[in-house]
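Sequence and predicted model, in that order:
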Number of protein chains: 2
Amino acid sequence: MATNQDQTTSQKPGHPPAQATLHEVRTAENSAAFLLPKLQDMKNVNPDLKLLDVGCGSGTIAASFAKLIPEGRVTGIDVNSSILPRARAVAEMNGVANIEFQEGSIFQLPFADETFDVTFCHQVLIHIGTPWDALREMLRVTKRGGIVAAREGDYESECIWPELPGLKKFHALMAGCMKAGGGNPTTGRLLLSWALKIGVERSHVQSSFGTSSYDTPSGRNTCSKGLRDQLRGGSLREKAFKYGLGSENDLDEMIEAWEEWEKRDDASLSMLQGEILIQK
Amino acid sequence: MATNQDQTTSQKPGHPPAQATLHEVRTAENSAAFLLPKLQDMKNVNPDLKLLDVGCGSGTIAASFAKLIPEGRVTGIDVNSSILPRARAVAEMNGVANIEFQEGSIFQLPFADETFDVTFCHQVLIHIGTPWDALREMLRVTKRGGIVAAREGDYESECIWPELPGLKKFHALMAGCMKAGGGNPTTGRLLLSWALKIGVERSHVQSSFGTSSYDTPSGRNTCSKGLRDQLRGGSLREKAFKYGLGSENDLDEMIEAWEEWEKRDDASLSMLQGEILIQK
């Protein structure tokens, strides 16, 4: 979500912004598992890998990539420069120095052709209107023999239990915000088609589906708190009003529903994540 | 699906029935991965494990369990006795002898209390009206300290691309058949709630979500052919007519759509699979 152009909430380096608390549980292990065997193979051949994380947000995934390739170098880039101090703080907290962050757009990456061995994004293409152009740009900055890896949710596959009315409204709000911003809630299932659309051969794409889910007490707390923060004061609240997708009362109902959901021992939220690995 | 009470199609031991071709790609590795680390731990303590596969169908998962616990013993049970010769043939083709199959209902398992170390089912609870009673019965036949493991699809999470009209009709037909038979298409997300409903403590349940997907050329062929077989002459065709959920023309449209889907290099089908491990 860090690619949002209309991000205005301020933040301090040591404290995640409201919309980032939920994102900061992300690591390479839980959000890029489909890429890790390939990354290990590449590292065995060349430990000095250059990895780009596009739309890195507060950098938790980038920092864990940096740990995985200690002799390599990770670059995190985000269109929202105000998140970058937080990303640098996260890297420092993780004790990684082989990492750098800079501002930049996925549509015009500030790097020469064939710069990186691995170019990665997660939950970025789902928010933009011409994701195939973004994929083409990611391929451009990737070395021949390198990998472009993308993992994006398929929001229409989301399963929430219990099915509280406020959570159904929340689901509609999220999908509405994605669409209003030009994104596509069914991105997960479309990744492969976009790779083929820009001329990648089918035999060069490995497609798979993973899951993201919250169904333990601590997972429910992380998820509920993160989403309530976004509804109370994050970019989601701003967008709900900006696009006319929810009233104050609607948002209050959603917040209460997430509180109720968090308390329920049988509660869960899960979603399919589309995954592609493109061999350049 | 092998728990269907209205199964009438005949079959030969050496040849899978129409509705089984798609099921026979299932193995413990691809359909019970969430259970395997626990199974390995249990085997390290006691190699002589007794495992029950409830609703075993043509027995491909049971046969791979038998390979994984060569010093143990697997029992496969299915309410549909006509599938059992096929299950025995599959076991023989897999070269496993520590396995046996018998007829029986998940609601009245023909075993004494505390017989098995592991009691497993996959795609069984989704088809029945009182799945909590089935879980209770699975717990009954499981030893103290043993495991009940269930993996069930959440059909409402299904993502199909491309979204051909015939495939949308097919999705509705499948959901309609499940409901008409008393089942619930959202079973995946409900497993945890059913375990709690029968009095299992939350701390004794490990909940997770996996995926099943078809998105490679060979996977598309398996999926498309299996579903077309079911539409042409399997139990799905019988149910469509029995429950008034589709005409000859509708089924023809679905068959053509699956043919078209199979040819498309960007095609995929994926679904969330709810998973629970209950420690007794």
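Sure thing, it's come through.

Helix, strand, or coil at the single nearest residue of the stretch 1-150 of chain A relative to chain B?
At 11.2 Å from chain B, A:Phe34 is the closest residue in the stretch 1-150 of chain A, using C-beta to the nearest C-beta. Heads up, the C-betas are built off the backbone N, CA and C, glycines and all. Of the three states, A:Phe34 takes coil under DSSP: H, G, I helix; E, B strand; the rest coil.

which one is it nearest to, not counting chain neighbours?
A:Glu275 (4.3 Å; C-beta to C-beta, 6 or more residues apart in numbering or on different chains).

Likewise for A:Glu262?
Closest to A:Glu262 by C-beta to C-beta, 6+ apart is A:Ser224, at 3.8 Å.

do the same with A:Leu84
A:Phe101 is the one closest to A:Leu84 (C-beta to C-beta, 6+ apart), at 4.8 Å.

In which helix or strand does the residue nearest to A:Phe34 reside?
A:Glu275 is part of strand A:268-279 when elements are defined by DSSP states H and E.

before we move on, what about A:Arg232?
helix A:217-233.

Restrict that helix to CA atoms and write it as CSV.
Extracted C-alpha coordinates of helix A:217-233, given in CSV (Å, rounded to 0.1, in the frame of the first residue of the first chain):
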residue,chain,number,x,y,z
PRO,A,217,-4.8,-14.9,19.2
SER,A,218,-1.7,-12.8,18.5
GLY,A,219,-2.4,-12.8,14.7
ARG,A,220,-6.0,-11.6,15.4
ASN,A,221,-4.7,-8.8,17.6
THR,A,222,-2.1,-7.7,15.0
CYS,A,223,-4.7,-7.7,12.2
SER,A,224,-7.6,-6.2,14.2
LYS,A,225,-5.4,-3.4,15.7
GLY,A,226,-3.8,-2.6,12.4
LEU,A,227,-7.0,-2.3,10.5
ARG,A,228,-8.7,-0.4,13.4
ASP,A,229,-5.8,2.1,13.3
GLN,A,230,-6.3,2.5,9.6
LEU,A,231,-10.0,3.1,10.1
ARG,A,232,-9.4,5.6,12.9
GLY,A,233,-6.7,7.7,11.5
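
what does chain A put close to chain B?
Contact residues (C-beta under 8 Å from any C-beta of the partner chain) of chain A with chain B: A:154, A:156-162, A:186, A:188-190, A:192-193, A:196, A:202, A:207-211, A:213, A:215-216, A:265-266, A:268, A:270-272, A:274.

Could you rerun that using 6 Å?
Residues of chain A lying near chain B by C-beta under 6 Å from any C-beta of the partner chain: A:154, A:157, A:159, A:161, A:189, A:192-193, A:196, A:202, A:207, A:209, A:211, A:213, A:215, A:265-266, A:270, A:272.

for the record, mean pLDDT for the top strand by length along chain A?
The longest strand of chain A (DSSP state E) is strand A:142-161. Throughout strand A:142-161, pLDDT has a mean value of 97.

what's the answer for stretch A:100-113, then?
98.

How far does that stretch stretch from one end to the other?
19 Å (C-alpha to C-alpha, to the nearest Å).

List the buried residues in it.
A:Glu100, A:Phe101, A:Gly104, A:Ser105, A:Ile106, A:Leu109, A:Phe111 (16 or more other C-beta atoms under 10 Å in any protein chain shown).

name the helices or strands packed onto the helix holding A:Arg232?
helix A:248-263 (3 or more C-beta pairs under 6 Å, 6 or more residues apart in numbering or on different chains; DSSP states H and E).

Quick one: residues in contact with the helix it packs on.
For helix A:248-263, contacts defined as C-beta atoms under 6 Å, 6 or more residues apart in numbering or on different chains pick out A:Leu164, A:Gly166, A:Leu167, A:Lys169, A:Phe170, A:Arg220, A:Ser224, A:Leu227, A:Arg228, A:Leu231, A:Ala267.

taking the mean pLDDT, what do you get for that helix?
Helix A:248-263 comes out at a mean pLDDT of 97.

Mind listing what's buried along it?
For helix A:248-263, using 16+ other C-beta under 10 Å, the buried residues are A:Asp250, A:Leu251, A:Glu253, A:Met254, A:Ile255, A:Ala257, A:Trp258, A:Trp261, A:Glu262.
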